[in-house]
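Engineer: model this:
(2 chains)
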Amino acid sequence: MKPYVLIVGLVASTALTPAAGFAETLRLLTWGSYAPEELIQKFEEKYPDINVEVTFSNNEEMIAKLRATGGAGFDLAQPSHDRIYAAQLEYDIYKPLDLSQINTDVMSPVHLDAVKTNTTIDGAVYAVPHQWGTSGLMANMTEAPDVAGWDDLCDPAYAGKTSMRLKRTILLGTAFAMGEDPFAMYSDLDQYQDLLDRVAETLITCKENIKAYWQGGDDLSAMMLSGEIVASETWDSTAYKLYDQNSDIVFIPPETGALTWIDTFAIPAKGKADDAAYKWINFVLEPENITIMSGSTGAIAAVQGGADLLPADKKAAVNASFTQEDIDNLKFFANIPPGVEDMEGKTLEKIKAATGG
Amino acid sequence: MSSDVKRLSLILLFSPFALWIVLLILLPHIGMVALSLREKVAPRVYEFGFGNYIDFINEPIYWNTLLRTGSMSLLVTALALLIGFPVAYYIAKIAGKRSRGALFLMCLIPLWVSDLIRAFGWILLLRETGVISSFLIWTGMTDHGIEFLYNDVTVIIGLVYTVILFMIVPLVSTLDGMGDDMIEAGYNLGGNSLTVLRRIIIPYAMPGIVAGCIVVFMLTAGSYLTPILLGGKNSSWFTEQIYDQFITRFNWESGAAFGFLLLAFTSFVVWLGLRLSGQSLTNTVART
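Structural biologist: Residues are numbered from 1 along each chain as shown, chains lettered A, B, ... in the order given. As a prediction, the model looks like this:
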């Protein structure tokens, strides 16, 4: 009889644990700096029964984490808008959003429509926009004043003093710099493979010129601030942060157009706190919270007049980088069709394995 | 009655080990093999097949990386043995009783710090604006910073540093058991230092050498952080390929196949090493 009692006791105590605090937990899977401590505290004060837990990640790891559990373990994820459609088709990791619960009126129509078109499957919408920004170049103006296009990273004048992240952005950027339009080739994968081969060739020759491939915002910032590199491929938000510390470092939209990404809100398929997730979404879309969020992320909120809600220092950085012409020239990341991820992955491996300088 | 108690205690003692082996080693590996034998034919549709292994054979990048990882791991193992043996010999045989414990502890201390932090320590020392480069500029030996990171030499230094302890510990414990009288007898019978080392000390330490080499080789071939962080743009380590397959390319099937190939490859190298040196697991590792 004894073990029986013990087991019953164990079961009862486990069952009681979550009820004891009466608190609901919102498990957020997002980018570094997308959940500033200040906002979390404010949110927990507003909703004392919700407890926020944050896991920082990136696009690839978010999908890998959700895939491992079939969409369990997190209640709100923030992948970029081009990472929803194929991932949902392949692995079924998100659940459709109930748009009536989201304050979509405040969102900027351009971004909302772009995300909706990109993430609608069988009539259901799987994501709404949160923040947007661009990928482009940054350079230290005193040492590399002539950087203007993606291919300038391979300019021998800056040998050993440039960097890039070995991910798909640089493949696309290099393709644009070669005068091609990779997004237009997504419909013809043979043609796209041919383009990727040429891009790989360029980037392998370029390897000698590169100091190191950066992995995240922190190591990029360290290399740039210490002067070890003078130009790099970058997210605009990282460049804006560096502009704060050294106004010689500016973001440069490449002449072929900066590549535009939109980070979204998506609810994992087995999320357990949808209400709390919707509350968080609406909470961070409130104007005064947007300023706090943008101050931390350096990205622009996808709401109407989002750029005006930037903190003053970030606004200065944006104005130093973008002209109206640059904004008209923005290129939105196109949806990644199934299969392309694999082709690009293989190309990146080829570049990494090539013995350059 | 007493035989029942004996059996029960045997079962109780054995069960944690059995659970560990079955739940944490056997089951995951069976899962990996099953996963590696699935071929993706369309979204959410899979078929049984050896496609992932065939891909590996057909793509030179993959097996070149595996061979590179294997040969660099062997080099690291050899260096760790060369550097670790004198250290272990000093601790076990030459150092006094009291300093022995202190020396051993000093070898252990770096292990209290995580791998990641130690790799970052190397980065701070070796980067272009790092400690060593700045020191060289300060002494006037060079006018501009020197980049020590991002090459194979740095990766090997970092790896030897990370794993050398696993060479020293088994060596110390075997050498500790060797009586001084054996060495004295060697000299009395007219041997010089080299003969004593070759004919007496090394054969006696063989179990420790083999155990240390196996552990070090396996750890090196399976390491991820050190080669990635210190190797930068030119680090091609096989574990990185596995990570890329799983995370960047969402291709768990071929990631699992790669993982299994790495296991098979390292096991093969260990078997070959034992064969060539005329040792077996029972008379070496099991004895330490």
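Engineer: strands along chain B, start to end?
Structural biologist: Ranges of strands in chain B, per DSSP state E, are B:38-42, B:45-48.
Engineer: tell me how many other residues crowd residue 23.
Structural biologist: Picked chain A for this. Using other CB atoms under 10 Å in any protein chain shown, A:Ala23 is surrounded by 14 other residues. Where you see a C-beta, it was placed from the backbone N, CA and C, and this is true even at glycine.
Engineer: chain B is the one I meant
Structural biologist: If you count neighbours by other CB under 10 Å, B:Leu23 ends up with 10.
Engineer: roughly how far does it sit from A:Asp308?
Structural biologist: Distance from B:Leu23 to A:Asp308, counting by CB to CB, to the nearest Å: 57 Å.
Engineer: and A:Asn58, by the same measure?
Structural biologist: 29 Å.
Engineer: and those two? Which one has more around it.
Structural biologist: Between A:Asn58 and A:Asp308, counted using other CB under 10 Å, A:Asn58 has the larger neighbour count: 17 against 12.
Engineer: over to the more buried one: give its phi and psi.
Structural biologist: The phi and psi values for A:Asn58, taken as degrees, to the nearest 10, are phi -140, psi 180.
Engineer: cool, and the one 3 residues further on?
Structural biologist: The phi and psi torsions at A:Glu61 (degrees, to the nearest 10) take the values phi -70, psi -30.
Engineer: show me what contacts residue 166?
Structural biologist: You didn't say which chain, so I picked chain A. For A:Leu166, the contact set (CB atoms under 8 Å, 6 or more residues apart in numbering or on different chains) comprises A:213, A:348, A:351-352, B:233.
Engineer: my bad, chain B
Structural biologist: Residues counted as contacts of B:Phe166 (CB under 8 Å, 6+ apart) are B:80, B:212, B:215-216, B:219.
Engineer: would you pull up the residue in chain B closest to chain A?
Structural biologist: Here chain B gets closest to chain A at one residue, B:Arg249, 3.6 Å apart by CB to the nearest CB.
Engineer: not counting sequence-adjacent ones, nearest residue to that residue?
Structural biologist: With CB to CB, 6 or more residues apart in numbering or on different chains as the criterion, B:Arg249 has its nearest non-adjacent residue at 3.6 Å, and that residue is A:Gly345.
Engineer: out of the contacts of B:Phe166, give me the one that has the most neighbours.
Structural biologist: Result: B:Gly212 is most packed of the contacts of B:Phe166 (other CB under 10 Å), 30 neighbours.
Engineer: look up how far B:Ala80 lies from that one.
Structural biologist: Plainly put, B:Gly212 is 8 Å away from B:Ala80 if you go by CB to CB.
Engineer: tell me the SS of A:Ile229?
Structural biologist: Classification of A:Ile229 by DSSP: H, G, I helix; E, B strand; the rest coil places it in coil.
Engineer: burial count for it?
Structural biologist: 28.
Engineer: what does stretch A:348-355 contact?
Structural biologist: Contacts with stretch A:348-355, where a contact means CB under 8 Å, 6+ apart, come from A:166-168, A:171, A:200, A:203-204, A:207, A:213, B:61, B:64-65, B:233-234, B:236, B:240-241, B:244, B:248.
Engineer: same thing but at 6 Å, please
Structural biologist: Identification of contacts with stretch A:348-355 by CB atoms under 6 Å, 6 or more residues apart in numbering or on different chains yields A:166, A:200, A:203-204, B:61, B:236.
Engineer: who wins for neighbours among the residues you listed?
Structural biologist: Highest neighbour count within the contacts of stretch A:348-355: A:Leu203, with 24 neighbours (other CB under 10 Å).
Engineer: and it, which helix or strand is it part of?
Structural biologist: Assigned by DSSP states H and E, A:Leu203 falls within helix A:189-206.
Engineer: ok, A:Asp188 to A:Asp194 distance?
Structural biologist: Distance, A:Asp188 to A:Asp194, by CB to CB: 9 Å.
Engineer: so, low pLDDT: which residues of the chain?
Structural biologist: Answering for chain A, as no chain was given. Scanning chain A for pLDDT under 70 picks out A:1-22, A:355-357.
Engineer: my bad, the chain I had in mind was chain B
Structural biologist: Residue ranges of chain B with pLDDT under 70: B:1, B:284-288.
Engineer: ok so, going back, dump the contacts of B:Phe166 into a markdown table; add distance to chain A as well.
Structural biologist: Listed next are the contacts of B:Phe166 as a markdown table, based on distance: CB to the nearest CB, whole Å:
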| residue | distance to chain A |
| --- | --- |
| B:Ala80 | 26 |
| B:Gly212 | 31 |
| B:Val215 | 28 |
| B:Val216 | 25 |
| B:Leu219 | 23 |
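Engineer: nearest to A:Phe322, of those residues?
Structural biologist: Nearest to A:Phe322 out of the contacts of B:Phe166 is B:Leu219 (CB to CB; 49.5 Å).
Engineer: the closest residue in space to the closest one that isn't next to it in sequence - how many residues pack around it?
Structural biologist: Once flanking residues are discounted, B:Leu219 sits nearest to B:Val163: 5.1 Å by CB to CB, 6+ apart. Other residues within reach of B:Val163, judged by other CB under 10 Å, total 25.
Engineer: which residues are in contact with B:Val163?
Structural biologist: With contact set as CB under 6 Å, 6+ apart, B:Val163 has these partners: B:80, B:216, B:219-220.
Engineer: may I ask which two of those are separated the most?
Structural biologist: B:Ala80 and B:Leu219 (9.8 Å).
Engineer: please name the nearest non-neighbouring residue to B:Asn283.
Structural biologist: Counting by CB to CB, 6+ apart, B:Asn283 lies nearest to B:Pro207, which is 7.0 Å off, once chain neighbours are set aside.
Engineer: just the ones in helices from the contacts of B:Val163, please.
Structural biologist: B:80, B:216, B:219-220 (DSSP state H).
Engineer: domain parsing for the chain?
Structural biologist: Since no chain was named, I'll use chain A. Here the domain assignment for chain A is A:2-130+A:262-301, A:133-260+A:331-353, based on automatic domain parsing.
Engineer: um, chain B though
Structural biologist: Domain ranges of chain B: B:1-36, B:52-287, per automatic domain parsing.
Engineer: gap between the closest residue to A:Gly71 other than its chain neighbours and B:Leu272?
Structural biologist: Sequence neighbours aside, A:Ala269 is the residue nearest to A:Gly71 in space, at 2.9 Å (criterion: CB to CB, 6+ apart). From A:Ala269 across to B:Leu272, the span is 47 Å (CB to CB).
Engineer: which of those two has more neighbours?
Structural biologist: A:Ala269 (17 against 10).
Engineer: just say which of the domains of chain A is most tucked in.
Structural biologist: Mean neighbour count (mean count of other CB atoms under 10 Å in any protein chain shown) peaks for domain A:133-260+A:331-353 among those, with a mean of 20.
Engineer: name the element the residue of the stretch 251-357 of chain A found nearest chain B belongs to?
Structural biologist: Scanning the stretch 251-357 of chain A for proximity to chain B using CB to the nearest CB identifies A:Gly345 as nearest, at 3.6 Å. Here A:Gly345 sits within helix A:340-353, counting by DSSP H and E.
Engineer: tell me the angle of that helix relative to helix A:189-206?
Structural biologist: Taking axes from the mean of the first three to the mean of the last three CA atoms, to 10 degrees, one finds helix A:340-353 and helix A:189-206 inclined to each other by 20 degrees.
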